[in-house]
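*Asks:* 3D, please:
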Amino acid sequence: MPRVLIVDDQKDVRAMVAIVLRVNHYDVIEADSGAAGLKAFGEGAFDAAIVDIFLAETSGVDVMVAIREQVPGFPIVAVSGMTALDFMVEAPDLADVVCLQKPFRPNDLLQALRKAQAAAGGELSAAV
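*Replies:* Below you'll find the model as predicted:
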């Protein structure tokens, strides 16, 4: 069962994403902050991460950069309620991060995860 880290400071968004993933046979770990997300990432093995770009205490971009420093090419889906997803200019190492605009449908989330894994050269094995 693929394991996905969700980093989002909005409890309702985290819960919705977690439910969609669990229903589709993913193991999910939730983090309510960038620091909690990086701690969880350092303590466990994950197949992908879903990271909110705009977190309360830190930038989601910083979280994604830190993840990629530990595991280059790691599959990441960046989510944002804002239309400006131009963070790629700030961080060239994130050029292949898949972006997903909030609000999104469950199927959009699953497609974004598959796309992120494909960009990393693999395939998530959950039944979607």
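*Asks:* state the pLDDT value of the closest residue in space to A45 that isn't next to it in sequence.
*Replies:* Excluding the flanking residues, the one nearest A45 by Cβ to Cβ, 6 or more residues apart in numbering is R3, at 6.6 Å. Heads up, the C-betas are built off the backbone N, CA and C, glycines and all. Among the per-residue scores, R3 shows a pLDDT of 97.
*Asks:* and the gap between R3 and S80?
*Replies:* With the distance defined as Cβ to Cβ, to the nearest Å, R3 ends up 23 Å from S80.
*Asks:* before we move on, what about P2?
*Replies:* According to Cβ to Cβ, P2 and S80 sit 23 Å apart.
*Asks:* compare the two (neighbour count), which wins?
*Replies:* In terms of neighbours (other Cβ atoms under 10 Å), P2 is the more surrounded of P2 and S80; the figures are 21 against 17.
*Asks:* who does the nearest residue to L5 once chain neighbours are set aside bridge with?
*Replies:* When the adjacent residues along the chain are set aside, L5 lies closest to A49, with 4.3 Å between them (Cβ to Cβ, 6+ apart). Judged by DSSP bridges, the bridge partners of A49 are L5, I76.
*Asks:* next, count neighbours for A49.
*Replies:* A count of nearby residues for A49, using other Cβ under 10 Å, gives 28.
*Asks:* now swap in A35 and tell me
*Replies:* Using other Cβ under 10 Å, the number of residues around A35 comes to 14.
*Asks:* so, low pLDDT: which residues of the chain?
*Replies:* For the chain, the stretches flagged by pLDDT under 70 are 83-90, 122-128.
*Asks:* swap the cut-off to 50 and go again
*Replies:* Along the chain, the model assigns pLDDT under 50 to residues 126-128.
*Asks:* in it, which spans are strands?
*Replies:* Assigned by DSSP state E, the strands in the chain fall at 3-7, 27-31, 48-52, 76-80, 98-101.
*Asks:* still on that earlier bit, run through the residues that contact the residue nearest to L5.
*Replies:* Contact criterion Cβ atoms under 8 Å, 6 or more residues apart in numbering gives V4, L5, I6, V7, G37, F41, M64, I67, F74, P75, I76, V77 as the residues in contact with A49.
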